[in-house]
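[1] I would like to see how this sequence folds:
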Amino acid sequence: MEEWRYIPGYPGYQASDLGRVRSVDRPVKYRASARAAGYTVMRKGRILRPAPANNPGNPSGHLMVMAGRGRNLLVHTAVALAFHGPRPRHAEVRHLDGDETNNRSTNLVWGTHSQNGRDIVHHGGRKLSVEQVHAIREMLRKGESLRKLGRLFGVNSGTICHIRDGRQYAHV
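    From the prediction side, this is the model:
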């Protein structure tokens, strides 16, 4: 049986031990106009559909949902908050099996940045080889687009951007 718990800091939203996020039934107030009286409608809750959080600030395979207007919520963070308590200082969510899309509560723990880095190495390391990184840098010098290189090498365009800026694969 799936267990649902409220997500601290996100009233009206719950996370499940299976790694899903939902909104709960809630009253929503509408204001008809400046002169007319407002009214309240009961909004039915639903399970939110996650999408890949593919943007330059988060070039990973993590999943994200919209928790209200313009409020993005990473699914693994929501599940960790609901099932493992508040985030300890300087902690981040670790996926024990290395699969960034497996957001079950049993697969998530709070950990340090260095523990997360060791997990990457333990679970097969990075996607790109040294030769591929050199080829990407050479193609960037020739003016190739980030998106095209991302498709060519099977990574997010944000990863290509990080390689270009020296934030990833700086040791290569």
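
[2] what kind of secondary structure is I136 in?
    Following DSSP: H, G, I helix; E, B strand; the rest coil, we place I136 in the helix state.

[3] And for it, the neighbour number?
    24 (other Cβ atoms under 10 Å). The C-beta positions use only the backbone N, C-alpha and C, and glycine is treated the same way.

[4] ok now do it, which residues does it touch?
    Applying Cβ atoms under 8 Å, 6 or more residues apart in numbering to I136 gives the contacts 128, 149, 153, 160, 163.

[5] now for these, which pair is the farthest apart?
    Put simply, by Cβ to Cβ the two of those set farthest apart are L128 and L149, 10.8 Å from each other.

[6] I'd like the contacts of I136 laid out as JSON lines, including neighbour count, distance to A37 and secondary structure.
    As requested, those are exported to JSON lines (neighbours: other Cβ atoms under 10 Å; distance: Cβ to Cβ, whole Å; DSSP: H, G, I helix; E, B strand; the rest coil):
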{"residue": "L128", "neighbour count": "20", "distance to A37": "60", "secondary structure": "coil"}
{"residue": "L149", "neighbour count": "21", "distance to A37": "57", "secondary structure": "helix"}
{"residue": "F153", "neighbour count": "19", "distance to A37": "58", "secondary structure": "helix"}
{"residue": "I160", "neighbour count": "28", "distance to A37": "54", "secondary structure": "helix"}
{"residue": "I163", "neighbour count": "23", "distance to A37": "57", "secondary structure": "helix"}
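
[7] which element is the residue located most distally from the centre of the chain on?
    Distance to the chain centre peaks in the chain at R35, reaching 42.5 Å (criterion: Cα atoms, centre = their mean). Remark: R35 resides in no helix or strand, with elements defined by DSSP states H and E.

[8] Do I have it right that H95 meets H122?
    No - look at H95 against H122 with Cβ atoms under 8 Å: they stay out of range, at 11.2 Å.
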